[in-house]
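Peer 1: Got a sequence here, can you build the structure:
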Amino acid sequence: MDVVEILRQQDGVISRRQALDAGLREHEVRRLLRRNEWARVHAGVYVDHTGPLTWPQRAWAAVLYAAPAALCFESALGADAFPIHVAVPQHRASLAEPAGVRIHYLANLQARVLWNVGPPRMRYDEAALDVACRAASELDAIAVLANACQSRRTTAQRLLQLLDSRRRVRRRRWVRAVLVDIVEGTCSVLEHGYLVRVERPHGLPRAMRQKRSASAIGVCYRDAEYGESLIVELDGRVYHDSATRRDADFERDLDAAVDGRSTVRLSYGQVFDRACQTAGKIAQVLQRHGVAVAGHPCGPRCEFTRLDRAA
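Peer 2: Numbering: from 1, shown residues only. Below you'll find the predicted structure:
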């Protein structure tokens with residue numbers, strides 16, 4: 001492969017070794033740099049212009065600097081952010097990290113990477129599980145797992161199989177529990193939060209999740225549905241922020257009212273900041289629809305009891 005084709009396939013980035021293997025000589029590489037036709041990005045890695053680099057060019061430069069290497073963690077998931085995370089085999093000698101690049105030494109790298117894509121990167125399942133397991137908070141971990149499954153690039157079942165195949169995993173039992181919940185229908189951080197903070201710890205009836213439903217605007221999937229009485233929709237801003245989406249939400253709510261069902265829309269505050277109060281209010285709504293709710297406080301300071309008595 002000649003230099004022009006290499007540059008075309010690698011977003012204008014090339015390593016010194018690739019250039020020499022393609023037929024350029026040392027003095028020709030130096031001349032290209034001297035004439036500003038190429039610019040140095042990292043030691044032994046160049047780009048074919050002198051302007052600002054795009055994220056894909058920086059990703060290529062990081063991978064070529066540490067070659068053989070592959071994008072890993074958030075970088076392998078396509079996050080257009082810095083630093084760029086690059087994986088190399090565990091046995092490699094330590095490499096200096098250029099600015100904006102983090103190098104990770106991982107076991108069994110050969111089998112975990114898609115080497116035929118550009119630039120090479122960890123398999124999506126592997127990267128998603130890696131990011132979730134090293135997330136700073138449980139909320140961040142849930143977001144990674146839910147978003148990975150919602151993207152349709154993987155499934156909770158596949159992630160469970162991968163989790164079980166690994167010997168050492170940080171907070172394994174907790175990650176497994178989250179993935180089992182996703183299998184059962186929780187498709188977002190908010191939906192999972194409602195399940196584990198509102199419904200389950202307060203003894204509310206178990207909702208049917210992601211139930212297919214026909215409406216005036218087409219088929220939709222209800223986040224949580226309690227029989228023929230109550231629909232709970234979990235609205236994160238990412239998915240419900242446009243005027244068109246809000247209009248569709250209101251139309252579905254109206255259709256539900258025609259069928260005799262109430263719709264309650266919850267967001268992050270009700271689920272993560274005021275879960276006990278929310279559970280009490282959901283219990284009251286269910287009671288007013290004639291649904292028997294055993295319900296109970298989740299702990300000594302739970303506000304569910306106070307709300308239940310006021311009903």
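Peer 1: for the stretch 1-150 of the chain, what spans make up the strands?
Peer 2: Applying DSSP state E, counting those that start in this stretch to the stretch 1-150 of the chain gives strands spanning 13-15, 39-42, 45-47, 70-71, 84-89, 101-106, 113-114, 121-122.
Peer 1: Output those as CSV; include the columns mean neighbour count and mean pLDDT.
Peer 2: All C-beta atoms are positioned from the backbone trio N, CA, C, and that covers glycine. Formatted as CSV, the strands of the stretch 1-150 of the chain follow (neighbours: other Cβ atoms under 10 Å; pLDDT from 0 to 100):
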stretch, mean neighbour count, mean pLDDT
strand 13-15, 26, 98
strand 39-42, 17, 98
strand 45-47, 22, 98
strand 70-71, 26, 98
strand 84-89, 24, 98
strand 101-106, 18, 98
strand 113-114, 20, 98
strand 121-122, 26, 98
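Peer 1: now those strands in CSV, with distance to residue 139?
Peer 2: As requested, the strands of the stretch 1-150 of the chain are exported to CSV (distance: least, Cβ to Cβ, whole Å):
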stretch, distance to residue 139
strand 13-15, 36
strand 39-42, 35
strand 45-47, 37
strand 70-71, 25
strand 84-89, 21
strand 101-106, 23
strand 113-114, 29
strand 121-122, 23
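Peer 1: which ones are touching the most centrally placed residue in the chain?
Peer 2: Nearest to the geometric centre of the chain sits residue 144, at 3.0 Å (Cα atoms, centre = their mean). Residues counted as contacts of residue 144 (Cβ atoms under 8 Å, 6 or more residues apart in numbering) are 128, 131, 132, 135.
Peer 1: 6 Å - rerun?
Peer 2: 131, 132 (Cβ atoms under 6 Å, 6 or more residues apart in numbering).
Peer 1: quick one: it from residue 175, how far?
Peer 2: Plainly put, residue 144 is 10 Å away from residue 175 if you go by Cβ to Cβ, to the nearest Å.
Peer 1: where does the chain have low pLDDT?
Peer 2: Where the chain drops to pLDDT under 70, the residues are 214-218, 236-250, 305-311.
Peer 1: Show me it divided up by domain.
Peer 2: Per automatic domain parsing, the structural domains of the chain span 3-122, 125-183, 198-310.
Peer 1: so how far is the first one from its chain's centroid?
Peer 2: In this case it means domain 3-122. Relative to the chain's own centre, domain 3-122 is displaced by 25 Å; criterion: Cα atoms, centre = their mean, to the nearest Å.
Peer 1: got the residue ranges for the helices in the stretch 51-200 of the chain?
Peer 2: 55-66, 73-76, 109-112, 124-133, 138-150, 156-165, 172-183, 189-193 (DSSP state H, counting those that start in this stretch).
Peer 1: Tabulate those (CSV), appending distance to residue 264.
Peer 2: Output for the helices of the stretch 51-200 of the chain, formatted as CSV (distance: least, Cβ to Cβ, whole Å):
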stretch, distance to residue 264
helix 55-66, 41
helix 73-76, 35
helix 109-112, 43
helix 124-133, 29
helix 138-150, 21
helix 156-165, 26
helix 172-183, 21
helix 189-193, 13
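Peer 1: between those helices, which gets nearest to residue 26?
Peer 2: For these, the distance to residue 26 is smallest for helix 55-66, at 17.9 Å, taking Cβ to Cβ.
Peer 1: and the angle from that closest one to strand 84-89?
Peer 2: 30 degrees (axes from the mean of the first three to the mean of the last three Cα atoms, to 10 degrees).
Peer 1: Okay, buried residues for helix 55-66 please.
Peer 2: Of all the residues in helix 55-66, those buried under the rule 16 or more other Cβ atoms under 10 Å are 57, 58, 59, 60, 61, 62, 63, 64, 65, 66.
Peer 1: Out of these, which comes closest to residue 83?
Peer 2: Closest to residue 83 out of those is residue 62 (8.6 Å), distances taken as Cβ to Cβ.
Peer 1: quick one: contacts for the closest one?
Peer 2: By Cβ under 6 Å, 6+ apart, residue 62 lies in contact with 84, 86, 101.
Peer 1: swap in residue 32?
Peer 2: Residue 32 is in contact with residue 38, counting by Cβ under 6 Å, 6+ apart.
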